[in-house]
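**Q** need the 3D shape of this:
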Amino acid sequence: MTKGNHMGYQTPLARVTFDGVRRIALTSAVPALLLSGLAIVAIPPTSVSAGATITVDSADDVIAIDGQCTLREAILNANADNGVTDCPDAGDGDDTIVVPAGTYTLSIPGAGEDDNLTGDLDITGSTIIQGAGADATIIQAGTTPLNGIDRVFEVKRATCLVNPRACRETELVFRPARTARRLAVAGGGAAGMSFAAHAAERGHRVTLFEAGGELGGQMLIARRVPGKEEFEELLRYFRVRLAKAGVEVRLGVRASEAELAGFDGVVLATGVVPRVPEIPGIDHEKVVSYPDLLLGRREAGPRVAIVGAGGIGFDVAVFLVSGGEPPDTGRYLAEWGVDPSYARPGGLLEKRPARRARREVTLCQRTPGPMGRSLGKTTGWIHRSTLKAAGVKNLSGVTYDRVDDRGLWIHTRDGASRCLEVDTVVNCAGQLSNQALAAPLRARGVEVHLVGGAERAVELDAERAIRQGAELAARV
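**A** The predicted structure follows:
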């Protein structure tokens, strides 16, 4: 965890227990949550009965007799209940593994879905544990995206989405390049445009490849969500800035491995692709991906179920109930009970009942408990209130069984089987990094950098993408 002056190894504040044949506890600062097959209880680890505390010396995914306890060794040790090289012996009960903040991808032999070490786990907050399919578990700390005001509440440095130097003026410095290099950028999203603009302004010769017909990446999707229309202005800003910096922009061109290999360096800003959950019938004609829906490539029917209630799921729900109507100030003020004339005390009116939603929407998530915990502190209540007023139904703690001609079949928390008879199922079950070009380019000896969603898909947001692109441009 990297909040305030809490760095590196921390005094454990929570115990994370995987229920099943194999048990592990991972400690970090996390909110109290309960997930199917996963319990997170906000209690000191000293109360762990008959378990051992294993402090990780190295986050490496290796087994080595070098005097250090690696994260891989610690997890293997806790699973096997016996000593592994340099790690302390595991206890009889649930063991506690103290880990530093960071991102770790582990391949654990013999760990499969039935062992509850992998699967569809996605806990947003100070710590994220996300299944990555068979034989892998990702553990990640401190990645919740925050806006400027939210950062204040988290005792973090405020900054600006557009200008990454804000509050980093002495740290992020752009000096003229000593030697101009031919640099290629694959992907014209927020991270790619940010890098290209800053690098070209430093004197490098930059070529930006974008497979689509328009720059923007995920911002092309975000601008379709009610309340996020201002991303259109951010796109206009970058288009003008790239032109002034002399960046060669190639739209409609998917950069090939052979073409990129001819540059002095390559920046992969290839973004993310929707994660497809392992649900029988996920390829049914009723199922729509969130990019296809928001970009207008597919239409939703009058009854919709959304798989996944993270930030994307909430955005899609708002889009669906609004019907894509353009923003209207008068309607907004009336619905929220704001008197612009200030004739009433406090400038408040009685809130007008919300308009009837254009669709019947059900928002689903695997995690039990209230939805929207990962939303911003200062804005999350707005999204929750909007959806509540529109009559959106929330179902948490569900298990997805299948999709068929009737709709989405689920098991509820009480174990009952139920069919959500809907016309459309929207997949909002997360994202995966698109790194397809990284390995082949590196095999050719090409200098490759990853930024934005291509570097890390979890909790992707424009501020991080723009900042990463700028920071890399200052170094090359």
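
**Q** tell me who's in contact with the residue lying closest to residue 451 once chain neighbours are set aside.
**A** With Cβ to Cβ, 6 or more residues apart in numbering as the measure, residue 191 is the residue that lies nearest to residue 451, at 4.1 Å, once sequence neighbours are left out. Every residue, glycine included, has its C-beta placed from N, CA and C. By Cβ atoms under 8 Å, 6 or more residues apart in numbering, the residues touching residue 191 are 217, 269, 271, 451-455, 465-466, 468-469.

**Q** ok, residue 230 next?
**A** Residues in contact with residue 230 (Cβ under 8 Å, 6+ apart) are residue 223.

**Q** how much space between it and residue 237?
**A** With distances defined as Cβ to Cβ, to the nearest Å, the gap from residue 230 to residue 237 amounts to 11 Å.

**Q** can you check residue 261 too?
**A** Here the criterion is Cβ to Cβ. By it, residue 261 lies 32 Å from residue 237.

**Q** so what's residue 316 up against?
**A** For residue 316, counting by Cβ under 8 Å, 6+ apart, the contacting residues are 290, 293-294, 306, 426, 428.

**Q** out of these, which comes closest to residue 391?
**A** The shortest approach to residue 391 among those belongs to residue 306, at 14.0 Å (Cβ to Cβ).

**Q** let's have the contacts of residue 316 in JSON lines, adding pLDDT.
**A** Shown next, in JSON lines, are the contacts of residue 316 (pLDDT from 0 to 100):
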{"residue": "290", "pLDDT": "96"}
{"residue": "293", "pLDDT": "96"}
{"residue": "294", "pLDDT": "94"}
{"residue": "306", "pLDDT": "97"}
{"residue": "426", "pLDDT": "97"}
{"residue": "428", "pLDDT": "93"}
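
**Q** farthest-separated two in these?
**A** The two members of those with the most space between them (Cβ to Cβ) are 294 and 306, at 12.3 Å.

**Q** the more surrounded of those two?
**A** Neighbours per residue, other Cβ atoms under 10 Å: of residue 294 and residue 306, the larger number sits with residue 306, 29 against 24.

**Q** name the SS class of that one, please.
**A** Recorded secondary structure, residue 306: strand (DSSP: H, G, I helix; E, B strand; the rest coil).

**Q** and residue 236, by the same measure?
**A** For residue 236, the assignment made with three-state DSSP gives helix.

**Q** so what's residue 360 bridging to?
**A** Each beta-bridge partner of residue 360 is listed here, defined by DSSP bridges: residue 303.

**Q** any idea how far residue 210 is from it?
**A** 37 Å.

**Q** which one's more surrounded, these two?
**A** Just comparing residue 360 and residue 210: by other Cβ under 10 Å the higher neighbour count belongs to residue 210, 24 against 18.

**Q** isn't that one up against residue 250?
**A** Yes - if you go by Cβ atoms under 8 Å, residue 210 and residue 250 touch, sitting 6.9 Å apart.

**Q** for the residue nearest to residue 451, phi and psi?
**A** phi -70, psi -40 (degrees, to the nearest 10).

**Q** show the pLDDT at it.
**A** As summarised for this prediction, residue 191 has a pLDDT of 97.

**Q** equivalent analysis for residue 224, please.
**A** Per-residue confidence (pLDDT) for residue 224: 92.

**Q** in a strand, that's where it is, yeah?
**A** No - the assignment for residue 224 is coil, going by three-state DSSP, so no strand is present there.

**Q** give me the distance between the residue nearest to it when sequence neighbours are not counted and residue 203.
**A** On the basis of Cβ to Cβ, 6+ apart, the spatially nearest residue to residue 224 that is not a chain neighbour turns out to be residue 294, at 4.6 Å. Distance check for residue 294 against residue 203: by Cβ to Cβ, it reads 38 Å.
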